[in-house]
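> next comes the sequence, and after it the predicted model I'd like to discuss.
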Amino acid sequence: MNPVDIPDVLTEDLHNKLSSLAVATITHQLQGRGIQHAFLSDLRPLHPRQRLVGRARTLRYVALREDRLSEFSAGQNAQRRIVEAVTNGDVIVIEARDVPDAGTVGDIYALRAFHLGAVGIITDGALRDTEAIAELGKPVYYRASHGSTWGRRHMPFSHDEPITCAGVFVEPGDVIVGDTDGAVVIPHAIAAEVAADAEAQEHREAFAIERVRAGESPQGIFPLSEERRPDYEAWSK
């Protein structure tokens with residue numbers, strides 16, 4: 001996919017809205033729309049208290065085949081191309097087939113990507129130079145750490161094409177949101193409506209939290225029942 005054709009739906013307003021919303025809330029909204037596989041399972045945050053909101057740019061690794069390695073690793077391979085192609089607000093999302101025993105990105109290419117404007121990196125494989133990447137202070141989600149380079153198990157095959165990361169379909173331009181729970185992929189075509197409904201959900205939950213703190217049972221207020229809706233609406237004014 002040509003970078004100019006990658007959807008960019010993250011307006012300032014949408015970015016600000018998503019930055020305040022929990023991944024759990026967004027995941028719930030996606031499940032309510034029938035999208036059951038949007039959360040990137042088993043990937044942990046390098047900095048658990050950091051937030052991540054950005055546009056997906058994708059990198060796909062395929063399995064190593066020794067007779068083809070030189071073809072896919074030489075020159076401006078797919079890994080190098082995607083790093084040089086990122087712009088402000090992008091998140092590099094890497095498909096590595098959930099393989100934990102070879103690195104998919106190290107500190108130098110991570111540094112370069114962040115210098116060019118990337119706001120996060122996600123891999124369903126391993127990080128290399130994990131401590132050095134942590135010192136960069138940027139949001140990163142990963143399956144494992146490993147000392148070897150990607151050439152032990154992978155070949156960088158393509159970028160800015162649909163991939164599967166941690167069992168989730170990801171298209172370039174999809175919206176990535178991350179927090180301590182992990183990261184979730186919002187299809188770009190519905191990002192604005194998901195954010196609006198998630199914001200409304202969290203507003204209702206704020207009412208529930210206040211009432212539970214006051215000693216009430218969650219029954220009827222979480223989720224909000226029609227009987228308690230007048231109380232919620234009065235609280236909202």
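Arrived safely.

> CA only for contacts and neighbour counts going forward, please
Fine.

> for the lengthiest helix in the chain, packing partners?
What stands out as the longest helix in the chain, according to DSSP state H, is helix 191-213. For helix 191-213, the packing partners by 3 or more CA pairs under 8 Å, 6 or more residues apart in numbering; DSSP states H and E come out as helix 12-19, helix 23-32, helix 229-236.

> deepest in the core, which of those is it.
Comparing those by mean neighbour count (mean count of other CA atoms under 10 Å), helix 23-32 ranks first with a mean of 20.

> that helix packs against which elements?
Helix 23-32 is packed against strand 175-179, strand 182-186, helix 191-213, with contacts defined by 3+ CA pairs under 8 Å, 6+ apart.

> make CSV out of the ones you listed and add distance to S19 and mean pLDDT.
Shown next, in CSV, are the helices and strands packed on helix 23-32 (distance: least, CA to CA, whole Å; pLDDT from 0 to 100):
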stretch, distance to S19, mean pLDDT
strand 175-179, 8, 99
strand 182-186, 12, 99
helix 191-213, 10, 98
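
> could I get the full set of helices for the protein?
12-19, 23-32, 69-73, 78-85, 107-115, 130-134, 191-213, 229-236.

> please work out how many residues are found near Q219.
By other CA atoms under 10 Å, the residues close to Q219 number 12.

> neighbouring strands - and their directions - for the longest strand seen in the chain?
The longest strand of the chain (DSSP state E) is strand 52-63. Under the criterion DSSP bridges, strand 52-63 sits next to strand 90-95 (parallel), strand 154-159 (antiparallel), strand 175-179 (antiparallel) in its sheet.

> with mean neighbour count and distance to R81 as new columns, can these be given to me in CSV?
Converted to CSV, those look like this (neighbours: other CA atoms under 10 Å; distance: least, CA to CA, whole Å):
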stretch, mean neighbour count, distance to R81
strand 90-95, 28, 12
strand 154-159, 23, 8
strand 175-179, 27, 21
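
> and L30, which of those strands is closest to it?
Checking those against L30 by CA to CA gives strand 175-179 as the closest, at 12.5 Å.

> where does the protein have its least confident helix or strand?
One helix or strand of the chain scores below all others by mean pLDDT, DSSP states H and E: helix 69-73, with a mean of 91.

> which secondary structure elements does that helix contact?
The contact analysis (3+ CA pairs under 8 Å, 6+ apart) places helix 69-73 against strand 154-159.

> ok, and what's touching the strand it packs on?
Identification of contacts with strand 154-159 by CA atoms under 8 Å, 6 or more residues apart in numbering yields 1, 57-65, 69, 72-73, 77-79, 81-82, 96, 102.

> now do 10 Å
Applying CA atoms under 10 Å, 6 or more residues apart in numbering, the contact partners of strand 154-159 are 1-2, 57-66, 68-73, 77-83, 85, 92-97, 99, 102-104, 150, 172.

> of those residues, buried ones?
Buried by 16 or more other CA atoms under 10 Å: 57-61, 63-64, 69, 72-73, 77-80, 82-83, 85, 92-97, 99, 102-104, 150, 172, out of these.

> domains of the protein?
Following automatic domain parsing, one gets these domains for the chain: 3-187, 194-236.

> with that, I have no additional questions.
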